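>>> 3D model of this:
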Amino acid sequence: MKQPKIETLSPEAYQDLQQAITASSLNQDHKALIMGVLDLCLWLQQKLTFSKISINTLKKVFAIQTECPLGKRVP
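Coordinates of the predicted model:
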């Protein structure tokens, strides 16, 4: 997996992107998925900006498990 490009969206750019997605010819399921990812990115950006998120919360958001099924920690 290659490293993602870092983007910061202004509120105006976020609204423009929302409008473009809504007006696109994608089906409703795809639009909802893209909007969900966009919302997650904005939420994460805001939380990280104000350092109001913990590692445990990030693990829950992305469903990261740090323990294997036998109860041993994953290296």
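>>> CA-only coordinates of the element among helices and strands of the chain having the smallest mean pLDDT in CSV, if you can.
Lowest mean confidence among the helices and strands of the chain (mean pLDDT, DSSP states H and E): helix 55-61, at a mean of 79. As requested, the backbone C-alpha atoms of helix 55-61 are provided in CSV (Å, rounded to 0.1, in the frame of the first residue of the first chain):
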residue,chain,number,x,y,z
ILE,A,55,-4.9,5.7,20.2
ASN,A,56,-7.6,3.4,21.5
THR,A,57,-10.3,5.5,19.8
LEU,A,58,-8.4,5.3,16.5
LYS,A,59,-8.1,1.5,16.9
LYS,A,60,-11.9,1.3,17.4
VAL,A,61,-12.7,3.6,14.4
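>>> which residues sit against it?
Applying C-beta atoms under 8 Å, 6 or more residues apart in numbering, the external contacts of helix 55-61 come out as Leu40, Leu44, Ile64, Gln65, Thr66. In this view, the C-beta of every residue, glycine as well, is placed from N, C-alpha and C.
>>> ditto for stretch 10-19
Contacts of stretch 10-19 with the rest of the structure, by C-beta under 8 Å, 6+ apart, involve Leu9, Met35, Leu38, Leu42.
>>> go on, stretch 21-31?
With C-beta under 8 Å, 6+ apart, stretch 21-31 has contacts from Ile34, Met35, Leu38.
>>> Thanks again, I'm all set now.
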